[in-house]
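> predicted model and sequence follow; I will ask about them next.
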Amino acid sequence: MPTAKSPAILASNMMKSYGPVEAVRGVSFSVAPGELFGLLGPNGSGKTTIVRLLTGQIRPSDGSSRVLGMDPAKDPVGVRSLVGIIPDQANPPSFLTCEEYLEFVAGIRKLGDVSGSITAWFDFLEFSGDRKVLCKDLSQGTRQKLMFAQAFLHKPAVAFIDEPLINLDPIIQEKIKAYMKDHVARGGTIFFCTHALEIAEQLCTRVAIIEKGRIIREGRVADMRKRREKLSAFFMRAVRGR
Ligand SMILES: Nc1ncnc2c1ncn2[C@@H]1O[C@H](COP(=O)(O)OP(=O)(O)O)[C@@H](O)[C@H]1O
Ligand SMILES: [Mg+2]
């Protein structure tokens with residue numbers, strides 16, 4: 001088991017190729033418990049591939065990783081049973097209602113009676129009216145609310161979220177941002193992929209910038225604030241300085 005000091009997430013020289021496409025080209029980083037770590041980069045830079053590697057959905061071509069001390073390549077089911085995931089372009093099962101989907105997730109995670117917390121999620125994200133609506137009939141934004149609720153239903157020690165705030169109205173975005181900040185303040189870890197720099201600046205404790213499958217720069221957001229440097233300027237300097 002990981003100790004309090006061991007990293008929540010550790011990547012060591014991870015690589016992933018799809019045929020001739022080198023999606024991830026030797027990526028190493030460490031994320032401590034309580035960090036809200038932002039992986040920032042343009043479209044196609046490798047963010048989603050890294051989330052898939054860390055959650056055992058695909059295996060690395062080379063290198064390795066640990067999540068809560070476990071190797072996602074060797075124990076993908078063990079990793080996925082502990083973490084929360086909001087995948088890129090996630091679609092909940094079309095044939096379940098929102099409520100049935102959350103009950104289904106709670107069942108898989110063996111959470112017992114979660115009817116109270118399911119109701120609390122519908123209230124918090126303001127979609128109680130969609131409780132009995134089939135997932136296939138949801139708007140994109142409501143689908144994202146549902147995916148957020150399923151990822152955090154078991155209050156995971158580590159959550160991977162891939163572009164979770166697109167399509168959400170500003171009120172819900174603010175609520176989700178506040179929830180994420182609170183989650184890490186309580187010791188949880190969030191791995192947050194986005195190309196929305198403004199959101200990352202408000203949320204992240206630390207960021208890594210990825211370009212063409214390589215991390216080109218890392219920094220603490222508090223240090224940028226001290227230097228009065230905007231995250232967008234940090235990002236541009238990293239990308240242009242190469
Ligand atoms: N299953 C796949 N098969 C082939 N190429 C892929 C696959 N998944 C991703 N890629 C390629 O890998 C690169 C990184 O993609 P991705 O990780 O989705 O980037 P991001 O999430 O940063 O937009 C892109 O060039 C993409 O086209
Ligand atoms: Mg992506």
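That came in fine, so what should we check first? Ligands and ions are numbered 1, 2, ... in the order given.

> so what's the residue nearest to the spatial centre of the chain closest to, chain neighbours aside?
What sits nearest the mean C-alpha location of the chain, by C-alpha atoms, centre = their mean, is Ile161, with 1.8 Å. Sequence neighbours aside, Ile86 is the residue nearest to Ile161 in space, at 4.3 Å (criterion: C-beta to C-beta, 6 or more residues apart in numbering). In this view, the C-beta of every residue, glycine as well, is placed from N, C-alpha and C.

> just the pLDDT for the one you found.
As predicted, Ile86 sits at a pLDDT of 94.

> what packs against the helix or strand hosting Phe160?
Here Phe160 sits within strand 158-162, counting by DSSP states H and E. Applying 3 or more C-beta pairs under 8 Å, 6 or more residues apart in numbering; DSSP states H and E, we find strand 158-162 packed against helix 47-54, strand 84-86, helix 140-152, strand 189-194.

> tell me what angle whichever helix in the chain runs longest forms with strand 158-162.
For the chain, the helix with the greatest residue count under DSSP state H is helix 170-185. If you take axes from the mean of the first three to the mean of the last three C-alpha atoms, to 10 degrees, helix 170-185 sits at 150 degrees to strand 158-162.

> next, the angle helix 140-152 makes with helix 170-185.
Using the same axes, to 10 degrees: helix 170-185 against helix 140-152 is 10 degrees.

> now Lys136: closest residue in space, sequence neighbours ignored.
Ranked by C-beta to C-beta, 6+ apart and with sequence neighbours excluded, the top spatial neighbour of Lys136 is Ser94, at 3.6 Å.

> thinking again about what came up before, just the residues contacting the longest helix of the chain, thanks.
By C-beta atoms under 8 Å, 6 or more residues apart in numbering, the residues outside helix 170-185 that reach it are 34-36, 124-126, 141, 145, 148, 152, 155, 159, 164-165, 168, 190, 192, 199, 202-203, 205.

> check contacts around Arg131.
97-99, 122.

> of the residues you listed, which is the most crowded?
Cys98 (28 neighbours; other C-beta atoms under 10 Å).

> my read is that that one contacts Cys135, right?
Yes - contact criterion C-beta atoms under 8 Å: Cys98 and Cys135 qualify, at 6.6 Å.

> please enumerate the shared neighbours of the two.
In contact with both Cys98 and Cys135: 92, 146, using C-beta under 8 Å, 6+ apart.

> out of the contacts of Arg131, who's nearest ligand 2?
Cys98 (24.4 Å; C-beta to the ion).

> residue ranges of each domain in the chain, please.
By the record's domain assignment, the chain is partitioned as 1-83+159-242, 88-155 (automatic domain parsing).

> how about the residues of the protein near ligand 2?
47-48, 88 (C-beta under 5 Å from the ion).

> select from those residues the one having the most neighbours.
Of the residues of the chain next to ligand 2, with other C-beta under 10 Å as the count, Lys47 tops at 26 neighbours.

> so who does the closest residue to it other than its chain neighbours touch?
With C-beta to C-beta, 6+ apart as the criterion, Lys47 has its nearest non-adjacent residue at 4.0 Å, and that residue is Cys193. Cys193 sits next to 38-40, 47-48, 50-51, 88, 160-163 when contact means C-beta under 8 Å, 6+ apart.

> quick check: mean pLDDT across the helix or strand harbouring Val79?
Here Val79, judged by DSSP H and E, is contained in helix 76-82. Helix 76-82 carries an average pLDDT of 95.

> can you check stretch 219-234 too?
For stretch 219-234, mean pLDDT is 94.
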